[in-house]
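Novice: Structure, please.
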Amino acid sequence: MAKRPKRPDGASSIYLGSDGYWHGRVTVGIRDDGKPDRRHVMSKVSEGEVIKKVRALEKQRDEGKVRKAGRAWTVKAWLLHWVEEIAKPSVRENTYAGYEVAVRVHLVPGVGAHRLDKLEPEHLERFYSRMLANGSKPATAHQAHRTIRTALNHAMRRGHVTRNVATLAVPPRIEEEEVEPYDIEEVQRLLFEAAKLRNSARWSIALALGLRQGEALGLRWADLDTNSGVLRVRKNRLRPKYLHGCGGDCGTKPGYCKKRVRKNEDTASTKSRAGRRVIGVPEELVRLLELHRREQAHERAIAGDDWRESGFVFTSPVGEPLVPSTDYDAWKRLLTDAKVRDGRLHDARHTAATVLLILGVPERVVMQIMGWSSTAMAARYQHVTGGILADVAQRVGGLIWEVAKEPDESGAEGSEASQ
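Specialist: Numbers count the residues shown, from 1 in each chain. You can find the predicted model right below:
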């Protein structure tokens, strides 16, 4: 009896085992130790059933969709590995902070027990619904959705999963928040009240130039040239983060520890290349900044040895950079004192962008001033206010009806003259 030819190395095999089951083995790649990665399928039904399973596994292999060999990850294990070992070293600190909250507070408790390769879009959609039912805002659910989508992209590229189910899951709808910028009268009232406060130029910077909070608090005197009337935006003020200096014995959160140790820097580079920019400063604001510089020098003299020289434009009475949360509270008090409707600090940025629209500043210049890398941002920040609409209506009315009137009047005069 002729011997069957030897199968080539790596070829799939199908056979009936002594246990009564049909078995199939498929080589799908190479393991970490360099040996062939052979996957096993089996069926008690028939040889044909195993052939189907073998062909399906071969197709996955050829399409690069076979899960990587080794013990399967849980969602929890992968997310914790991803956020600490992959995301943390490669993204900005504020981005990492957002990822960390989404992972530890929401995703791990919500879907962490699932096997990573068994996670389905429906699991995520039910998880988002539970978040909303428990009081989370749609934007928070969206942040969790974006985070796990990014984490699963890395898992798919490494072969731990064959698809990213987060791209198939539908997150809750976010209603676009309508922003109403402050009008000129409200801006004037805010600046009038701000003039009575420390760091009054801080609010002129926000309302006239539209700097983001972190950009304004990250300004140093070296970034300002009052002779040329220009300001360079380079850094972004970071929210302080602390570690226990007592080893955790105090029983409080790190930020409240009496021996707390700062674990991050005061500033980081702006979040995009477009954010690093040069802005022309109005003469009136230059004068306010020069006055502010003199007031800061006076505070330095009063503080004496307690002064901490940091070079920042806006500081505490002893020279320390302002904390963003303290700055936000000051904005809220300013709105109350000026008897102006409540609003986010970021609404000042919308206001500045809208003023540039009213002034008819070219789009390219607006992008430079605001630090935008895309013209699409103009649609989000420049708002067509009632005053703009009224002005346009008046111009349209003047153009149409003035043009329409002239032929009638000239025709009437012509007929009178002919008589």
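Novice: just the helices in the stretch 301-419 of the chain please.
Specialist: 324-337, 347-358, 363-370, 376-381, 386-418 (DSSP state H, counting those that start in this stretch).
Novice: Which strands and helices lie in contact with the third one?
Specialist: Same thing as helix 363-370. Packing contacts for helix 363-370, counted by 3 or more CB pairs under 8 Å, 6 or more residues apart in numbering; DSSP states H and E, involve strand 277-280, helix 347-358, helix 376-381. For every residue, glycine as well, the C-beta is placed using N, CA and C.
Novice: for that helix, what is the average pLDDT?
Specialist: The average of the pLDDT scores along helix 363-370 is 82.
Novice: what angle sits between it and helix 347-358?
Specialist: Angle of helix 363-370 versus helix 347-358, following axes from the mean of the first three to the mean of the last three CA atoms, to 10 degrees, is 160 degrees.
Novice: For helix 363-370, buried residues please.
Specialist: For helix 363-370, the neighbour count (16 or more other CB atoms under 10 Å) marks V366, M367, Q368, I369, M370 as buried.
Novice: May I see those residues organised as CSV, with distance to Q394 added?
Specialist: Output for these, formatted as CSV (distance: CB to CB, whole Å):
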residue, distance to Q394
V366, 24
M367, 29
Q368, 31
I369, 28
M370, 28
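Novice: and the residue nearest to the spatial centre of the chain, what does it touch?
Specialist: Using CA atoms, centre = their mean, the residue of the chain that lies closest to the mean C-alpha position is T95, 7.0 Å off. Residues counted as contacts of T95 (CB atoms under 8 Å, 6 or more residues apart in numbering) are A87.
Novice: That one is in what secondary structure piece?
Specialist: Element membership for T95, per DSSP states H and E: helix 93-101.
Novice: Could you do A268 as well?
Specialist: Using DSSP H and E, A268 sits within strand 267-269.
Novice: quick one: that strand to chain centroid distance?
Specialist: Centroid separation between strand 267-269 and its chain, computed with CA atoms, centre = their mean, to the nearest Å, is 16 Å.
Novice: Show me what it pairs with in its sheet, parallel or antiparallel.
Specialist: Using DSSP bridges, the strands paired with strand 267-269 are strand 235-237 (antiparallel).
Novice: hmm, who's touching the partner strand?
Specialist: Residues contacting strand 235-237 (CB under 8 Å, 6+ apart): 212-220, 223, 266-271, 275, 321-322, 324.
Novice: In PyMOL, how would I select the buried members of the residues you listed?
Specialist: To isolate the buried members of the contacts of strand 235-237 in PyMOL, using 16+ other CB under 10 Å:
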select buried, resi 212+213+214+215+216+217+218+219+220+223+266+267+268+270+271+275+321+322+324
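Novice: Please save the CA atoms from stretch 56-74 in PDB.
Specialist: In PDB, the C-alpha atoms belonging to stretch 56-74 read as follows (Å, rounded to 0.1, in the frame of the first residue of the first chain):
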ATOM      1  CA  ALA A  56     -12.900  29.300   9.200                       C
ATOM      2  CA  LEU A  57      -9.700  29.400  11.300                       C
ATOM      3  CA  GLU A  58      -7.600  29.500   8.200                       C
ATOM      4  CA  LYS A  59      -9.600  32.400   6.900                       C
ATOM      5  CA  GLN A  60      -9.100  34.300  10.100                       C
ATOM      6  CA  ARG A  61      -5.400  33.600   9.900                       C
ATOM      7  CA  ASP A  62      -5.200  34.800   6.300                       C
ATOM      8  CA  GLU A  63      -7.100  38.000   7.200                       C
ATOM      9  CA  GLY A  64      -4.900  38.600  10.300                       C
ATOM     10  CA  LYS A  65      -7.800  38.200  12.700                       C
ATOM     11  CA  VAL A  66      -6.700  35.400  14.900                       C
ATOM     12  CA  ARG A  67      -6.400  36.300  18.600                       C
ATOM     13  CA  LYS A  68      -2.900  36.300  19.900                       C
ATOM     14  CA  ALA A  69      -1.800  33.100  21.700                       C
ATOM     15  CA  GLY A  70      -1.600  33.100  25.500                       C
ATOM     16  CA  ARG A  71      -4.000  33.600  28.300                       C
ATOM     17  CA  ALA A  72      -6.900  35.800  27.300                       C
ATOM     18  CA  TRP A  73      -7.000  39.300  28.800                       C
ATOM     19  CA  THR A  74     -10.000  40.600  30.800                       C
END
